[in-house]
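*Asks:* Need a 3D model of the sequence below.
(4 chains)
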2 protein chains.
Amino acid sequence: MKPLIKLASKEEDAKELQYYSKEDQVLLAVDCIIFGFDKKNLKILLVKRDIEPQKNRWSLIGGFLKKSENLDTAAIRVLQRLTGLQHVYLEQLNTYSKIDRDPGQRTISVAYFALIDVASHSFDGIQIDAAQWFNLKKSPQLVFDHNEMVEDAIRRLKRRALTKPIGFELLPEKFTMRQLQNLYESILDKKLDKRNFINKVNTLNILDKLYEKDMSSSRKGSFLYQFDAIKYQQKLDEGLIFKL
Amino acid sequence: MKPLIKLASKEEDAKELQYYSKEDQVLLAVDCIIFGFDKKNLKILLVKRDIEPQKNRWSLIGGFLKKSENLDTAAIRVLQRLTGLQHVYLEQLNTYSKIDRDPGQRTISVAYFALIDVASHSFDGIQIDAAQWFNLKKSPQLVFDHNEMVEDAIRRLKRRALTKPIGFELLPEKFTMRQLQNLYESILDKKLDKRNFINKVNTLNILDKLYEKDMSSSRKGSFLYQFDAIKYQQKLDEGLIFKL
DNA sequence: TTTGTATGTGTGTAAGATACACTTATAAAA
DNA sequence: TTTTATAAGTGTATCTTACACACATACAAA
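*Replies:* So this is what the prediction gives:
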């Protein structure tokens, strides 16, 4: 039997070269799914859209890729314009291209997801007209295919949480074991056993216990911990995979 | 302390609306990493580029997104044009956007990876000037950032192989345990213990053992197995995760 | 009939995952 | 000063899963 592979003819190549310049150019958008955590709940940052189409509906923050930048840079720019934040955990998620995903315009969108520690960045009381933190479980319907993006991002976040100590991106520099556990319970959306959780985390040996207590949560107070980037890097170098 | 979030001014919005139409349009390419397996080795299908820049160097197969299709459709089209194959496992990988990744033209590329059973599709003797199967370990340097794409694809393939019985996409309908093990050894790039492998696969309970032997590999002959999609679907519904 | 070759098969051991309940430190209230 | 209420902190036994490991068998070819 003969191979099935055929090459495009010379004519087709020529046509393709033509495309190579103008015909099928498209707008590339970047949309950011921004996750935050505020001691108890996993949150997502949304904005009220102030342009048509779908003006005044809730949306992810986004922007268009400029010819002078790559996608990562565009995502950082978009994020900073809205939040003022730099040095945030940011990861490319997926690219969305349904033909009529944006009814106003043929747009392809590359989604990024970001992790932010709400508390240490003075976001507590965000109440600007257009931007607002939503409890992940109580967030509104979004424009276009943004709901799909968020679902995909949650899946990715769960996976990351199980294989990398990514949760630490979402916590303040110093945190209690309970906060860490709350975070993981939010991400994984299930209850964990306190003792087993602590045992596992301690086995990882990537935290420093501080001689300092947080008294806000109980009368006894609870010890604060800090993520130790150096120990973590050593673990990574040893080829360790994290599973919580 | 006050929130840091600021919205773009009306002027900026106006500017953005302007972009919304023309200024920053880009060409979107689709590149496919095509993995194949031929009883013993994991392979990748490459083509010799027949246009400038970098004419005559090895490359992934690719094409440009048309305004009338979404990315998945474009990937399917590109794949079919080269291989004649439809109904192939295809999954979006990542989007590559370095500014000068293609020195000829500002292009952003969405990579897809595909899994093909070489044998059942009569690819054995591919020898057309432009398309060729390479042993994954002995494949040549590629144009642009295609090497990076391939590396990312291999990582993704490893992960998929560990969590989904994806390997079956790469095998003919009927296969021996040894072939399946060879495949997983190729993907994971390590030797596996025969007995443990068989035990694990049997535990999954998603294969049907046929009363039919493949006599080509040994004098004793080895039983053929078949992937049972129904059992597999049941497992999935029960929420099972596969780990080999 | 012999020989060579890849197939096929089970168990003991170590490591890891899970289930589970009481004491303690402290602030606030009495 | 004493009592009380609250979340923090801590260890072990059991089950499950992962891994290491070696020999007999069926058959074709010589």
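*Asks:* what about A:Tyr184, which helix or strand?
*Replies:* helix A:177-188 (DSSP states H and E).
*Asks:* For that helix, which residues meet the burial criterion?
*Replies:* Using 16 or more other C-beta atoms under 10 Å in any protein chain shown as the test for burial, helix A:177-188 gives A:Met177, A:Arg178, A:Gln179, A:Leu180, A:Gln181, A:Asn182, A:Leu183, A:Tyr184, A:Ser186, A:Ile187. C-beta here means a position set from N, CA and C on the backbone, and glycine is covered the same way.
*Asks:* these two touch, right, the third one and A:Asn41?
*Replies:* Spelled out, that is A:Gln179. No. Taking C-beta atoms under 8 Å as the definition, A:Gln179 is not a contact partner of A:Asn41, at 11.5 Å.
*Asks:* Quick one: check the helix holding A:Tyr184 for contact with chain B.
*Replies:* No. Helix A:177-188 does not reach chain B (C-beta under 8 Å from any C-beta of the partner chain); its nearest approach is 13.7 Å.
*Asks:* Please list the residues of chain A that sit near DNA strand D.
*Replies:* Neighbours of DNA strand D within chain A, by C-beta under 7 Å from any atom of the strand: A:176-178, A:194-196, A:198-199, A:213, A:217-223.
*Asks:* Quick one: buried ones out of those residues?
*Replies:* Neighbour-count burial (16+ other C-beta under 10 Å) applied to the residues of chain A next to DNA strand D gives A:Thr176, A:Met177, A:Arg178, A:Ser222.
*Asks:* would you list these in a markdown table and tack on pLDDT and distance to A:Pro165?
*Replies:* As requested, these are exported to a markdown table (pLDDT from 0 to 100; distance: C-beta to C-beta, whole Å):
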| residue | pLDDT | distance to A:Pro165 |
| --- | --- | --- |
| A:Thr176 | 95 | 16 |
| A:Met177 | 95 | 14 |
| A:Arg178 | 95 | 17 |
| A:Ser222 | 95 | 20 |
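*Asks:* Need phi/psi at the residue nearest the centre of chain A.
*Replies:* Nearest to the geometric centre of chain A sits A:Phe113, at 2.4 Å (C-alpha atoms, centre = their mean). Note on A:Phe113: its backbone torsions stand at phi -120, psi 140 [degrees, to the nearest 10].
*Asks:* do the one 3 residues further on as well
*Replies:* According to degrees, to the nearest 10, the main-chain angles of A:Ile116 amount to phi -130, psi 140.
*Asks:* in the sheet, who's paired with it?
*Replies:* When assigned by DSSP bridges, A:Ile116 has beta-bridge partners A:Gly36.
*Asks:* pLDDT at it, what is it?
*Replies:* At A:Ile116, the pLDDT value in this model is 90.
*Asks:* One more: A:Gln127?
*Replies:* With respect to pLDDT, A:Gln127 has a value of 45.
*Asks:* now do A:Lys15
*Replies:* Residue-level pLDDT assigned to A:Lys15 equals 44.
*Asks:* count of residues packed around A:Ile206?
*Replies:* 22 (other C-beta atoms under 10 Å in any protein chain shown).
*Asks:* and what of A:Asp193?
*Replies:* A count of nearby residues for A:Asp193, using other C-beta under 10 Å, gives 10.
*Asks:* Any chance of the backbone angles for it?
*Replies:* Taking degrees, to the nearest 10 as the convention, A:Asp193 sits at phi -80, psi 130.
*Asks:* And for A:Trp133?
*Replies:* Torsion angles, degrees, to the nearest 10, at A:Trp133: phi -80, psi 140.
*Asks:* Hmm, it is touching A:Ser139, no?
*Replies:* No. A:Trp133 is beyond contact range of A:Ser139, at 9.4 Å (criterion: C-beta under 8 Å).
*Asks:* Work out the gap between the biggest helix by length in chain A and the centre of the chain.
*Replies:* As assigned by DSSP state H, the longest helix anywhere in chain A is helix A:146-163. Computed by C-alpha atoms, centre = their mean, to the nearest Å, the chain-centroid distance of helix A:146-163 equals 8 Å.
*Asks:* Poorly predicted segments of chain A, please.
*Replies:* A:1-22, A:120-129 (pLDDT under 70).
*Asks:* Run a quick neighbour tally on the closest residue in space to A:Asn205 that isn't next to it in sequence.
*Replies:* Leaving aside its sequence neighbours, A:Asn205 sits nearest to A:Lys231 (C-beta to C-beta, 6 or more residues apart in numbering or on different chains; 6.2 Å). Residues within reach of A:Lys231, counting by other C-beta under 10 Å, total 14.
*Asks:* what does A:Asp72 give?
*Replies:* 16.
*Asks:* Same question for the one 3 residues further on.
*Replies:* Counted by other C-beta under 10 Å, the residues lying close to A:Ala75 total 28.
*Asks:* Pretty sure it sits against A:Val30.
*Replies:* Yes. Assessed by C-beta under 8 Å, A:Ala75 is found in contact with A:Val30 at 5.0 Å.
*Asks:* Need the overlap of contacts for those two.
*Replies:* A:Val110, A:Tyr112 (C-beta atoms under 8 Å, 6 or more residues apart in numbering or on different chains).
*Asks:* In terms of helices and strands, where is the residue nearest to A:Asn205?
*Replies:* Per DSSP H and E: helix A:229-237 holds A:Lys231.
*Asks:* Distance from that helix to the middle of the chain?
*Replies:* That offset, for helix A:229-237, works out to 23 Å (C-alpha atoms, centre = their mean).
*Asks:* Repeat that for stretch A:28-36.
*Replies:* 7 Å.
*Asks:* Just the CA trace of it, in PDB.
*Replies:* The C-alpha trace of stretch A:28-36 is given here as PDB (Å, rounded to 0.1, in the frame of the first residue of the first chain):
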ATOM      1  CA  LEU A  28      -5.200  38.800  19.100                       C
ATOM      2  CA  ALA A  29      -6.600  39.500  22.500                       C
ATOM      3  CA  VAL A  30      -5.200  38.600  25.900                       C
ATOM      4  CA  ASP A  31      -7.600  37.900  28.700                       C
ATOM      5  CA  CYS A  32      -6.500  37.300  32.300                       C
ATOM      6  CA  ILE A  33      -8.100  35.100  34.900                       C
ATOM      7  CA  ILE A  34      -6.900  36.600  38.200                       C
ATOM      8  CA  PHE A  35      -7.300  34.400  41.200                       C
ATOM      9  CA  GLY A  36      -6.900  35.800  44.700                       C
END
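*Asks:* The closest residue to A:Glu52 other than its chain neighbours: neighbour count?
*Replies:* Spatially, and ignoring its direct neighbours in sequence, A:Glu52 is nearest to A:Gly104 (6.9 Å; C-beta to C-beta, 6+ apart). A:Gly104 has 12 neighbouring residues, counting by other C-beta under 10 Å.
*Asks:* any idea whether A:Gly104 is helix, strand or coil?
*Replies:* For A:Gly104, the assignment made with DSSP: H, G, I helix; E, B strand; the rest coil gives coil.
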